[in-house]
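Asks: what shape does this take:
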Amino acid sequence: MRMEKQRNGVRLVLLPLPFQGHINPMLHLANILYSKGFSITIIHTTFNSPNPLNYPHFTFCPIQDGITTQSDDSSSLNLLHLIILLNIRCVTPFRDMLAKVISDARDNKEHVACLISDGLFYFTQGVSNTFELPRIALREGGASSFVPFVLFPLLIDRGYIPIQDSQLEETVTEIPPLKVKDLPLIDTKEPEKYYKELSNLVEGTKASCGVIWNSFEDLESSPLSYLRQEFQIPFFPIGPFHKYSSSSLSSSSSSSSLLTQDQSCISWLDRHKPNSVIYVSFGSLAAITAAKFLEIAWGLASSMHPFLWVIRKGMVIDDGKECLDPPFPAGFIDNLEGRGYIVKWAPQQEVLAHKAVGAFWTHCGWNSTLESICEGVPMICMPFFTDQKVNARYVSSVWKIGVQFEGEVKREEVVKMIRGLIEGNNKEGSQIRERVLDLKEKARVSWNHGGSSYTYLDALVNFILSFEPKR
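Replies: Model (predicted):
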């Protein structure tokens, strides 16, 4: 039976951005800090609300944001608009809720030490200043993808942005090995609004009293070093969160997933040989055309390797409209003879840890990238927008633990990539597998006693405890 760690009388307030890739690391971080004796309050939007029943040791406080899953505001195709709206609509309800949390804590003889908010919730810096409450920013993505955000004004000034088709393959000399096509942009008709949001993100982070990174020194020492010089505030790279969180609390295995996970895929994986299955998942937001879907499908089938494919609702778009059902050709599934298994959502950490999985075809969201590294699974990279492009370039060209589609996705290239990684029948595939296993070990060591993430976590705890209660 797990002994309950005695609370230290210090409460922390956390505010996650309401997207799957942001909620997960914030709740993992909450588990980590709870294991260190802090009491945890999660203030969250009603839009994409986490399930409080999965985390009975936290206090959950919902705030109204005026956004519903039925409204145009919640469309995953308009993320920029949604982030802007959240930073406007949440100001008053968040301020009111924070005042209540601080008051209630005082009544319970607790001290609210600080606010930890997602970096994209930059409005919280002004609110925390009002309460004279220290704010620590959480950067749920990598340091390597944050560097281009910091350099955006320079990149615009030097003509890299807006991107011209003739420049796509050029190297950005200020941040090699990134190519122009790797810059973390989104497809929007209002680029100036996007640039403004990035400026708000960077300035809001600089105004915080410190930054927590879901990363570790051996993975991103160079970008972290650069950003330390630029920001001049304490950095705490204490990742990978999910590995420490999973071992620190029995309840941390509770799902923070906004989608229902199909556990049946685990028993399917159990029937396959080690390192034989290609796992395919493009995250919770990305969408692909029906034409690209068919190339992927035929490539998977032609590889002759078993595959587990996550095809969630809204993932495939045809003529600008969502396909209600995956547009498989007639007889496609029957002809696979059981080699393919399709789910709407998978328990990804469990899947990647399974001995049958030999490669991960991913959109290169940061959580997926870290999870793959931690399990020593090489990647096939197909990024869609923002930091995914930077992550993919680092996977393929810096860490060299995967391969990346550089142009259109063609079934022949799919077959070549899968066989190269799964079968390891060429020098490149073999070296990729060696390097990703080396990084897996470095990630593990980072959380051991004396490791970099272990040490930075101790520093973070002491930093938080240094915040004096207001009289």
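
Asks: quick one: find the helix or strand in the protein with the lowest mean pLDDT.
Replies: helix 241-248 (a mean of 75; mean pLDDT, DSSP states H and E).

Asks: so Gly283 sits right up against Gly21, yeah?
Replies: Yes - with contact defined as CB atoms under 8 Å, Gly283 counts as touching Gly21 (6.9 Å). No exception for glycine: its C-beta is placed from N, CA and C like everyone else's.

Asks: quickly list what's touching both of those two.
Replies: Common contacts of Gly283 and Gly21, defined by CB atoms under 8 Å, 6 or more residues apart in numbering, comprise Gly365.

Asks: so after the least confident helix or strand of the chain, what's the next helix or strand?
Replies: Under the assignment DSSP states H and E, the closest C-terminal helix or strand after helix 241-248 is helix 264-269.

Asks: run through who's touching that next one.
Replies: Outside helix 264-269, the residues that touch it by CB under 8 Å, 6+ apart are Val277, Leu308, Tyr341, Val343, Ala346, Pro347, Glu350, Val351, His354, Ala356, Val357.

Asks: the stretch 1-150 of the chain: helices as residue ranges?
Replies: Secondary structure of the stretch 1-150 of the chain (DSSP state H, counting those that start in this stretch): helices at 20-35, 79-89, 91-107, 124-130, 143-150.

Asks: show the end-to-end separation of stretch 42-50, please.
Replies: Taking CA to CA, to the nearest Å, stretch 42-50 runs 10 Å from one end to the other.

Asks: enumerate the positions of that stretch that are buried.
Replies: In terms of neighbour count (16 or more other CB atoms under 10 Å), stretch 42-50 has its buried residues at Ile42, Ile43, His44, Thr45, Phe47, Asn48, Ser49, Pro50.

Asks: may I have the phi/psi pair for the fifth one?
Replies: According to degrees, to the nearest 10, the main-chain angles of Phe47 amount to phi -70, psi 130.

Asks: find the nearest non-adjacent residue to it, please.
Replies: Sequence neighbours aside, Ile67 is the residue nearest to Phe47 in space, at 4.3 Å (criterion: CB to CB, 6 or more residues apart in numbering).

Asks: please apply the same query to His57.
Replies: Distance criterion CB to CB, 6+ apart; nearest residue to His57, sequence neighbours excluded, is Tyr34 at 6.0 Å.

Asks: is it true that that neighbour touches Thr41?
Replies: No - applying CB under 8 Å, one finds Tyr34 not in contact with Thr41, separated by 10.9 Å.

Asks: before we move on, back to that, of the buried residues of stretch 42-50, which belong to strands?
Replies: Within those, residues falling in strands by DSSP state E are Ile42, Ile43, His44, Thr45.

Asks: can you put those in TSV and add pLDDT and distance to Gly407?
Replies: Below are those laid out as TSV (pLDDT from 0 to 100; distance: CB to CB, whole Å):
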residue	pLDDT	distance to Gly407
Ile42	98	43
Ile43	98	44
His44	97	40
Thr45	96	38
